[in-house]
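> A predicted structure for the sequence below; I have some questions about it.
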Amino acid sequence: MSGPSSLLPLEEAVTLIVDAARAASIDRESVPLADAVGRTTAAEIRLDRDHPPFDRATMDGIACRAGDAIIGGVLRIDRSIPAGTDPGVAPPPGTAVRIATGAAVPPGLDAVVERERLTELDDRRVRIETDEIATGRHIHPRGIDGRRGDLAVATGTRLDAVSLGVAAACGRPHPICARRPRIAVVATGDELRAPDDPLDGPGDAVRIRDGNRPMLSATVSALGAAVVADDRVPDDLDLTTESIRSLLDRADLVITIGGVSAGDRDVVPAAAANLHLRPRLRGVRIQPGRPASAWCDSDGRLRLMALPGNPVSCLVTAHLLVRPWIDARLGLSPAAAWRTIRLAEPVRPNPNRTACRPAIATAEGAVVPRWNGSGDLPHLVGTHGIVRLPEESDDVAAGTILPWLPWSLGT
């Protein structure tokens with residue numbers, strides 16, 4: 001592992017990763033609306049007609065000429081217009097049409113009087129009970145929301161419920177989206193066991209269940225990648241090399257957990273060398289997560305990323321380093337995920353490395369919970385994201401505005 005002075009600052013590490021991600025073209029595919037929530041558009045969506053496409057009644061009542069609607073005045077009802085029905089021509093002056101919410105207003109009529117402002121005299125006559133009838137009352141004019149050809153959903157938009165509704169309204173049942181980058185996860189370590197292992201066998205007192213692999217898989221999936229495979233291997237160079245080799249055939253990026261520090265049994269760097277991958281990143285000046293590393297193929301595409309095995313380091317580096325790669329592969333701006341937040345309580349930073357601490361977002365600001373080091377998985381429960389602290393010797397004061405990276409998208 002590199003010494004402290006040779007560690008890359010976080011910004012430089014992210015730039016290397018993003019540049020490598022962009023060395024590969026973005027694959028596109030059409031996605032049914034039912035499966036498109038959370039996907040990222042790879043082609044813009046434009047309005048295929050005016051919105052609304054006709055003058056639309058926004059209340060149940062009558063459509064009439066505003067000049068005919070005098071308080072106490074009586075209007076004769078010519079006909080009724082339900083939603084989805086051709087409105088036909090305007091009725092003669094002094095008459096009105098019954099109209100439903102969402103129905104098209106006949107040309108020549110310029111106001112809708114809601115039912116609550118009317119008295120029904122009989123089936124064919126109504127009396128106006130308000131003097132507030134102005135031109136345009138309760139009419140949603142054609143094209144006021146947008147004109148045919150206007151941009152509705154930009155390229156690089158992560159589709160949510162609203163943008164899916166817009167796509168549907170624009171006649172796009174299969175929006176063009178960036179293909180989810182395929183990620184394979186490999187957890188390394190002699191000590192790891194499956195989550196359902198009772199750990200009651202010989203030697204199991206010093207073994208642990210693998211919480212990192214499901215945590216990392218869930219994280220990258222939520223960030224927009226597709227987890228196509230996962231594996232768990234002991235600290236063995238040949239087995240680790242073979243696992244990574246086989247997964248590289250199935251995934252755009254293989255992420256290993258553990259085995260990347262400076263110990264005798266940290267075999268991931270040697271496995272990368274066996275596979276003729278080129279070092280792109282070997283250590284980052286952050287806490288936690290310093291050993292994080294990455295390798296590219298001969299074309300400059302990032303193919304292997306190694307995250308530290310301690311769970312806090314694993315989650316933090318997944319968001320700091322893997323997330324920008326996913327965003328870049330989806331055509332998103334990695335920097336856009338960052339927000340700012342006010343620090344609610346003083347926090348001790350690290351004077352030698354950028355401390356990126358999981359924190360809880362409260363009404364008063366970010367609260368950094370006490371932790372027992374990067375192996376403290378339980379302290380992550382209830383946290384909402386990462387607060388980034390400056391490299392300083394003194395405590396960071398409450399009220400300081402700091403960079404904030406939420407775990408969840410769009411928060």
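Sure thing, it's come through.
> use CA for all of it now, contacts and neighbours both
OK.
> What does residue 158 show for phi and psi?
Main-chain dihedrals, residue 158, degrees, to the nearest 10: phi -80, psi 120.
> Surely residue 274 and residue 241 touch.
Yes - in this structure residue 274 lies within contact range of residue 241 using CA atoms under 8 Å: 7.0 Å.
> Please parse this structure into its domains.
Annotated domains of the chain cover 4-27+180-335, 30-50+145-178, 56-140, 338-406 [automatic domain parsing].
> before we move on, the earlier item: between residue 274 and residue 241, tell me which one has more neighbours.
residue 241 (20 against 14; other CA atoms under 10 Å).
> The nearest residue to the more buried one once chain neighbours are set aside sits in which helix or strand?
The shortest distance from residue 241 to any residue other than its chain neighbours is 4.7 Å, reached at residue 271 (CA to CA, 6 or more residues apart in numbering). For residue 271, the enclosing helix or strand under DSSP states H and E is helix 268-274.
> Check which helices and strands whichever helix or strand comes after that helix sits against.
Using DSSP H and E, the helix or strand that directly follows helix 268-274 along the chain is strand 278-282. On a contact count with 3 or more CA pairs under 8 Å, 6 or more residues apart in numbering; DSSP states H and E, strand 278-282 meets helix 10-21, strand 293-296.
> Please spell out which residues along the helix holding residue 271 are buried.
Neighbour-count burial for helix 268-274, counted by 16 or more other CA atoms under 10 Å, picks out 268-272.
> which of the residues you listed lies closest to residue 149?
Using CA to CA, residue 272 comes nearest to residue 149 of the buried residues of helix 268-274, at 49.8 Å.
> Contacts only, for that closest one.
Counting by CA atoms under 8 Å, 6 or more residues apart in numbering, residue 272 touches 241, 278, 295, 304.
> Residue 375 now?
By CA under 8 Å, 6+ apart, the neighbours of residue 375 are 310-313.
> With residue 409 instead?
Neighbours of residue 409 in contact, by CA under 8 Å, 6+ apart: 223, 337.
> Which helix or strand contains it?
Per DSSP H and E, there is no helix or strand for residue 409.
> cool, residue 162 as well?
helix 161-169.
> Quick one: distance of the next helix or strand after that helix to the chain centre.
Remark: after helix 161-169, the chain's next helix or strand is strand 176-178, criterion DSSP H and E. Per CA atoms, centre = their mean, to the nearest Å, the displacement of strand 176-178 from the mean C-alpha position of its chain is 14 Å.
> Could you pull up the mean pLDDT of strand 176-178?
Averaging pLDDT along strand 176-178 yields 98.
> What helices and strands are in contact with the next helix or strand along the chain from it?
For strand 176-178, the following helix or strand on the C-terminal side (DSSP H and E) is strand 182-188. Judged by 3+ CA pairs under 8 Å, 6+ apart, strand 182-188 is in contact with helix 212-222, strand 226-233, helix 237-248, strand 253-257.
> again, only using 7 Å
helix 212-222, strand 226-233, strand 253-257 (3 or more CA pairs under 7 Å, 6 or more residues apart in numbering; DSSP states H and E).
> of all those, which lies closest to residue 135?
When the helices and strands packed on strand 182-188 are compared by CA to CA, helix 212-222 sits nearest residue 135, at 49.4 Å.
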